[in-house]
Structure formats: structure tokens, C-alpha cells
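Asks: My questions are about this predicted structure, shown below with the sequence.
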Amino acid sequence: MTTLSSELDIPVLDIDPYASANLIDPYPMHERLREAGPVVRLAPYPSVVACARHDEVRAVLNDHATFISGAGVGLTNFNKETPFRPRSLILEADPPLHTQTRTVLSRILSPKTVMQIRDRFAQEAEALVERCVAKGEIDGIHDLAQVYPLKVFPDAVGVEEAGRENLLLYGDMIFNSMGPRNELLAKSAERVVAVTDWIMAHCQRDHLRPGGFGDQIYQAADAGEISHEQAPMLVRSFLSAGVDTTINGIGNAVFALAHHPAEYAKLHADPQLARPAFEEALRWESTAQTFFRTASRDCEIAGVALAADTKVLCMLASANRDPRKWPEPDRYDIGRRPTGHMAFGSGIHGCVGQVIARLEGEVVLQALARRVKAIEITGSHTRRLNNTLRALDTLPLRLIPV
């Protein structure tokens with residue numbers, strides 16, 4: 001029989017995960033949180049508990065009935081405060097609504113779809129890498145990691161080319177909104193005002209190419225699987241979550257390989273290692289650092305009692321470097337099998353677009369491996385701070401061609 005600890009017994013640490021120093025280098029903070037206990041409190045956020053170890057993060061994400069998403073996957077509790085924007089019908093919904101909408105998106109973004117689009121995505125990756133190699137010295141973010149998802153994914157959704165840069169501003173604001181109302185959120189919200197009309201217009205059917213992912217959502221509405229009012233909101237979910245996260249995933253993978261030339265040499269020798277190289281990068285430098293859940297009732301995590309409506313901060317990136325799960329967790333090793341990493345979440349709310357993200361990461365790294373003998377760092381990188389995402393702003397590189 002488990003003996004529950006009182007909420008008063010939970011360790012309290014004076015740590016703010018959203019402080020700039022912790023966003024720039026979160027790993028010392030992660031270690032402190034993991035070692036303090038399976039559940040900790042954060043002094044700046046009294047209504048929040050945090051889980052930083054792999055087992056507890058996984059357990060919370062996989063118990064969707066106890067730890068719900070409908071109250072928001074950010075710091076704000078939508079059960080107590082009105083959201084400043086409409087809730088996501090995927091990320092911020094619980095069954096049965098979540099089941100209804102996810103069924104539609106899972107069919108559109110199925111493994112079968114990946115097989116159908118793989119050749120086109122691979123051709124675009126080869127062409128982009130060829131241009132980068134010809135250039136020689138590149139910015140790994142602005143010339144490569146940003147260009148590719150901003151091309152292939154909106155193409156697949158059916159969004160016109162003009163104005164796609166607006167998706168970056170919108171995604172930055174959405175993921176900043178999952179943290180506190182700090183300066184990062186204020187500035188991103190200010191920047192997005194000018195592009196909101198463009199975003200909303202491009203969620204409408206008459207702005208989407210027939211047959212694309214966006215149009216297929218409207219076809220599901222025609223068939224009665226979802227309502228026509230829900231259709232543009234689901235397209236919006238594609239546009240807000242399907243670009244920025246993949247840009248950062250590819251950027252972080254290139255960053256990892258550039259800083260580990262021996263691992264890149266293995267990839268260059270065998271381009272078929274592109275998928276495990278990308279998976280290990282997702283574990284080692286997680287794109288989504290955190291997501292919240294909310295306790296739907298009085299409950300417990302690892303023997304620690306929690307009251308209903310407690311916000312639970314799931315620290316995905318910390319779980320992905322938990323030494324209780326991974327040998328030598330701080331080492332980037334493309335020979336590792338990082339099965340069970342939390343970069344895409346877990347459970348029924350695991351990233352619905354992960355098959356597409358994995359495809360994009362794999363074909364870009366394969367194209368690099370075939371055409372580039374070595375990646376050299378030519379200057380200091382800079383980071384784009386975001387309350388939720390681990391993002392690079394610049395990454396100066398030299399590509400040494402085969």
C-alpha cells in the first residue's frame with residue numbers, strides 16, 4: 001500500500017524555468033529538479049508542481065483522464081481563466097472532442113500519407129542542400145532549417161507561398177503563450193498583431209489548394225466527421241504547430257552534428273543512420289521543452305498527494321536527459337536507441353504530426369550526409385528564446401562538400 005506524502009512535504013525550489021538564463025542553458029536547472037525529488041514545487045509559481053524525471057513525466061502524459069489537457073497545456077488554468085484565444089481542438093481538448101478531431105488529423109497525417117509524399121519531400125531536401133553546398137558558408141537556421149519546413153509543409157497543407165513567413169511569428173506567439181505573461185509573450189503578441197488576419201484568412205477553404213491537408217479537413221467536415229466551424233480551427237492547428245517545431249528540430253539536429261564531428265562522420269559514412277541521428281537529436285536537445293497538464297481530481301504522483309486543479313509542469317527535455325532512463329544522457333550518440341523519449345509527448349496527446357516531422361528530419365539529414373563530408377562551425381550561435389521551445393536564431397557553418 002502506497003503512503004501518500006502531504007503537499008506540504010513536496011520540496012520547494014526557488015527556480016523560474018522561464019528566466020532567460022534557464023532558457024539559454026536549462027540543463028543545470030533540470031539536474032537540480034530531478035535530484036530534488038519526483039515532484040517539486042517552484043517558488044515563483046505556487047500553484048504549480050513540476051515533474052522532471054522520465055518515469056513521472058511519462059506517467060502524467062499517459063494518464064489523460066486524471067491529468068487533463070482541456071484546462072490548457074500552458075501555465076494558465078482555463079478552468080479558472082478565460083483563454084485569450086480560442087482553445088486548440090487538438091492540444092487543449094479532452095475526449096470525446098479530442099477523439100473526434102484527432103481521428104480526422106491522424107488519418108490525414110498517416111504513415112500512408114508519408115509514403116505518398118516521401119519522394120517529393122526528399123527531392124526538395126536534396127535541392128536545398130545542393131544550394132547550401134554551392135554557397136559554402138551558410139547560416140544553418142536561416143539557409144537550411146527554416147527554409148525547408150517553410151516550403152514543404154505549407155505546400156502539403158495547400159497554403160500559397162506569399163506570406164508564409166507570417167507562420168513563424170504566429171508559432172512563436174502560440175508557444176510563448178504557454179508560459180507566464182512575461183516580456184517574451186508580450187513582444188511576440190505585439191509582433192503577431194500585423195499577421196493575424198493573414199493567418200485566419202489562410203485557414204479558410206478558399207485559400208487552400210484542393211487536395212491538400214487543409215482541404216482534406218474541410219472534406220471531413222463535408223462528410224459530417226467534424227463541423228464546418230471546427231475545420232478552420234484544425235487548419236490553424238496545422239499552421240501554428242507544424243512549422244516552428246520542425247524548424248527547431250532540424251536546427252537542433254544540425255547543431256548536434258556540427259558539435260559532434262565524430263557522430264557526423266558516422267552519418268556521412270552511412271546516410272541510412274539519418275533517422276536515428278534525428279531521433280537522438282530530439283532526445284538530446286528537445287524542441288518542446290515543457291508542457292502542462294491539470295489535475296482533474298485529487299490524485300497523486302509517485303506517492304505525492306495533489307489537489308484537484310493543480311497545474312503539473314511536465315519537463316520533457318529534462319526527462320530526455322534523466323540518467324535513471326538513459327546511460328550517459330548528456331552525450332549525443334547516433335548509435336543510441338532513444339526509444340521512449342518525450343520530445344513528441346506521449347499518450348493520446350502525443351504529437352499528431354510526428355510522422356511528418358520525422359520524415360522532414362530524416363530526408364534533410366540524408367541529403368546532408370550524401371553531399372557534405374564535414375560540417376564546420378565558423379562562429380558563435382545565438383538563441384531565440386521562447387517560453388516553450390528550444391530554438392536557435394543563428395548557426396554559422398561551413399559545409400565541406402564530398
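Replies: Looks like it came in fine. Numbering: from 1, shown residues only.
Asks: going forward, measure contacts between C-alpha atoms and count neighbours the same way
Replies: Noted.
Asks: And for residue 183, the neighbour number?
Replies: 10 (other C-alpha atoms under 10 Å).
Asks: for the closest residue in space to residue 171 that isn't next to it in sequence, phi and psi?
Replies: With sequence-adjacent residues excluded and distances taken as C-alpha to C-alpha, 6 or more residues apart in numbering, residue 171 is closest to residue 240, at 4.7 Å. The phi/psi pair for residue 240 (degrees, to the nearest 10) reads phi -80, psi -30.
Asks: Show me the helices in the stretch 51-200 of the chain, by range?
Replies: Ranges of helices in the stretch 51-200 of the chain, per DSSP state H, counting those that start in this stretch, are 54-62, 97-108, 111-135, 147-157, 166-176, 183-192, 196-201.
Asks: could you dump these to JSON lines with mean pLDDT?
Replies: As requested, the helices of the stretch 51-200 of the chain are exported to JSON lines (pLDDT from 0 to 100):
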{"stretch": "helix 54-62", "mean pLDDT": "98"}
{"stretch": "helix 97-108", "mean pLDDT": "93"}
{"stretch": "helix 111-135", "mean pLDDT": "96"}
{"stretch": "helix 147-157", "mean pLDDT": "96"}
{"stretch": "helix 166-176", "mean pLDDT": "94"}
{"stretch": "helix 183-192", "mean pLDDT": "95"}
{"stretch": "helix 196-201", "mean pLDDT": "93"}
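Asks: confidence score at the residue nearest to residue 171?
Replies: In this model, residue 240 is scored at 83, pLDDT.
Asks: do residue 257 as well
Replies: Note on residue 257: pLDDT of 98.
Asks: CA atoms of the host helix or strand of it as CSV?
Replies: Residue 257 belongs to helix 244-258 when elements are defined using DSSP states H and E. Output of helix 244-258 as CSV, limited to C-alpha atoms (Å, rounded to 0.1, in the frame of the first residue of the first chain):
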residue,chain,number,x,y,z
ASP,A,244,8.1,26.2,-36.0
THR,A,245,8.6,23.0,-34.1
THR,A,246,10.1,21.2,-37.1
ILE,A,247,12.4,24.1,-37.9
ASN,A,248,13.8,23.8,-34.4
GLY,A,249,14.0,20.1,-34.6
ILE,A,250,16.1,20.2,-37.8
GLY,A,251,18.1,23.2,-36.5
ASN,A,252,18.9,21.4,-33.2
ALA,A,253,19.9,18.2,-35.1
VAL,A,254,22.3,20.1,-37.4
PHE,A,255,23.6,21.9,-34.2
ALA,A,256,24.2,18.5,-32.6
LEU,A,257,26.0,17.0,-35.6
ALA,A,258,28.2,20.1,-36.1
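Asks: buried ones in the helix or strand just after it?
Replies: Downstream of helix 244-258, the next assigned helix or strand under DSSP H and E is helix 261-269. When neighbours are counted by 16 or more other C-alpha atoms under 10 Å, the buried residues of helix 261-269 are found to be 263-268.
Asks: among those residues, which two are most distant?
Replies: Farthest-apart pair in the buried residues of helix 261-269 is 263 and 268; separation 8.7 Å (C-alpha to C-alpha).
Asks: rewinding a little: output the helices of the stretch 51-200 of the chain as JSON lines; include the columns distance to residue 273.
Replies: Conversion of these to JSON lines gives the following (distance: least, C-alpha to C-alpha, whole Å):
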{"stretch": "helix 54-62", "distance to residue 273": "25"}
{"stretch": "helix 97-108", "distance to residue 273": "27"}
{"stretch": "helix 111-135", "distance to residue 273": "15"}
{"stretch": "helix 147-157", "distance to residue 273": "20"}
{"stretch": "helix 166-176", "distance to residue 273": "29"}
{"stretch": "helix 183-192", "distance to residue 273": "37"}
{"stretch": "helix 196-201", "distance to residue 273": "37"}
